[in-house]
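Chemist: Prediction below, plus the sequence it came from.
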Amino acid sequence: MFTPVKSRSVIVTGGSKGIGKGIARAFVREGADVLIAARDEGTLRAAAAELAAGAQGRVETAVADVSRVEDCRRLAETAVERFGGIDVLCANAGVFPDKPLAELTEADVDDVLGCNLKGTMFSVQACMEALEASRHGRVVVTSSITGPITGYPGWSHYGASKAAQLGFLRTAAIELAPRQITINAIMPGNIATEGLSDMGEDYIRATEACIPQHRLGSVDDIGNAALFFASDEAGYITGQTLVVDGGQVLPESPAALEGI
Ligand code: NAP
């Protein structure tokens, strides 16, 4: 059994929907106090009400755009004010608009890198001091299989941002180690979320056919992985990645799944 995360202070960026809400639910279920952050206040409030129902820990909200350094600082300050410190940062906020490389504009690239890469880097930077003060600080980054391992037409900028998160993580892990902070990344495959459902039924059916387990992942699958990285028992693991994808990256070709 893992040491409980009860009463630990946890920030989840992008915690109002999808994977972030699933991560928040996993921590709240275990009695942690969770601050969820996103840009839209209404969605945040609805998510907090849903998460608080039957929760052991407290659920609070903070409106923040992680692509803005100042918002990242305010977010960290809010967690310290409300919960007395920060034990865990789940840097999860991300966007994945699709556009072919031939049509990409500078603004498209800035938007995706601004949220997915800059948002990750500056939310970690903003929380460093409080995470160090906890003496067991944990950062869990939501990356993706897309970019670091796989590719998909329309997601060249998105894939670049997700691979870049891992480049950041490996040096950050070294700089954070003397502060007793670990940083690791989850690489989800295709997870059933509001964001993914926008891709349409055809995309979802075609994707399920390519996954050895023949189902999309659930947000709980990712929440459980985040809980593991946040545990005391994972304290000697840093700078690492965990693919959570039902085996999606494994088949060498469609033939590998024939009859499976
Ligand atoms: P989602 O359902 O669209 O949720 C995205 C969350 O991030 C929302 O809470 C959104 O709220 C927030 N957000 C977006 N931009 C933000 C910003 N600039 N500042 C603060 N919050 C922001 O997406 P998801 O599928 O859960 O994806 C979450 C993470 O998982 C992303 O990093 C994504 O790359 C990664 N991922 C997802 C999948 C998948 O299959 N779903 C697979 C691999 C990796 P607001 O819009 O209100 O800000």
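Modeler: Received it, and whenever you're ready, just let me know what you need. Residues are numbered from 1 along each chain as shown.
Chemist: contacts, neighbours, all on C-alpha from now
Modeler: Noted.
Chemist: who does the lowest-mean-pLDDT helix or strand in the chain touch, helix- and strand-wise?
Modeler: Of all regular secondary-structure elements in the chain, judged by mean pLDDT, DSSP states H and E, the least confident is helix 194-197 with a mean of 82. Counting contacts by 3 or more Cα pairs under 8 Å, 6 or more residues apart in numbering; DSSP states H and E, there are no secondary-structure elements packed against helix 194-197.
Chemist: now check it, is it near the ligand?
Modeler: Yes - part of helix 194-197 sits close enough to the ligand to count as contact by Cα under 6 Å from any ligand atom, namely 194-196.
Chemist: what does stretch 246-260 give?
Modeler: No - counting by Cα under 6 Å from any ligand atom, the ligand is not contacted by stretch 246-260; separation bottoms out at 11.6 Å.
Chemist: Same question for stretch 104-111.
Modeler: No - interface with the ligand: stretch 104-111 contributes nothing (Cα under 6 Å from any ligand atom), its closest point being 8.3 Å away.
Chemist: now that stretch: mean pLDDT?
Modeler: The predicted model gives stretch 104-111 an average pLDDT of 98.
Chemist: Throw the residues of helix 194-197 next to the ligand into JSON lines and include neighbour count and distance to residue 185, thanks.
Modeler: Shown next, in JSON lines, are the residues of helix 194-197 next to the ligand (neighbours: other Cα atoms under 10 Å; distance: Cα to Cα, whole Å):
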{"residue": "194", "neighbour count": "11", "distance to residue 185": "21"}
{"residue": "195", "neighbour count": "15", "distance to residue 185": "20"}
{"residue": "196", "neighbour count": "15", "distance to residue 185": "20"}
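Chemist: any chance of the residues you listed in JSON lines, with distance to residue 98 too?
Modeler: Conversion of the residues of helix 194-197 next to the ligand to JSON lines gives the following (distance: Cα to Cα, whole Å):
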{"residue": "194", "distance to residue 98": "15"}
{"residue": "195", "distance to residue 98": "12"}
{"residue": "196", "distance to residue 98": "12"}
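Chemist: just to revisit the earlier point, go ahead and name everything in contact with the least confident helix or strand of the chain.
Modeler: The set of residues that contact helix 194-197 without belonging to it, under Cα atoms under 8 Å, 6 or more residues apart in numbering, is 17-18, 190, 204.
Chemist: Keep only those of those that are in helices.
Modeler: The helices, defined by DSSP state H, take in 18, 204 from the contacts of helix 194-197.
Chemist: Return only those of the contacts of helix 194-197 found close to the ligand.
Modeler: Checked against the ligand using Cα under 6 Å from any ligand atom, the contacts of helix 194-197 give the following subset in range: 17-18, 190.
Chemist: Is there a quick ChimeraX command that grabs whichever of those residues are buried?
Modeler: Per 16 or more other Cα atoms under 10 Å, the buried members of those correspond to this ChimeraX selection:
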select :17,18,190
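Chemist: Columns pLDDT and distance to residue 125 on top of the ones next to the ligand among the contacts of helix 194-197, output as JSON lines?
Modeler: Supplementary listing: these in JSON lines, determined by pLDDT from 0 to 100; distance: Cα to Cα, whole Å:
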{"residue": "17", "pLDDT": "96", "distance to residue 125": "24"}
{"residue": "18", "pLDDT": "97", "distance to residue 125": "24"}
{"residue": "190", "pLDDT": "95", "distance to residue 125": "28"}
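Chemist: Redo the ones next to the ligand among the contacts of helix 194-197 as JSON lines? Include distance to residue 80.
Modeler: Written out in JSON lines, the entries for those read as follows (distance: Cα to Cα, whole Å):
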{"residue": "17", "distance to residue 80": "23"}
{"residue": "18", "distance to residue 80": "25"}
{"residue": "190", "distance to residue 80": "33"}
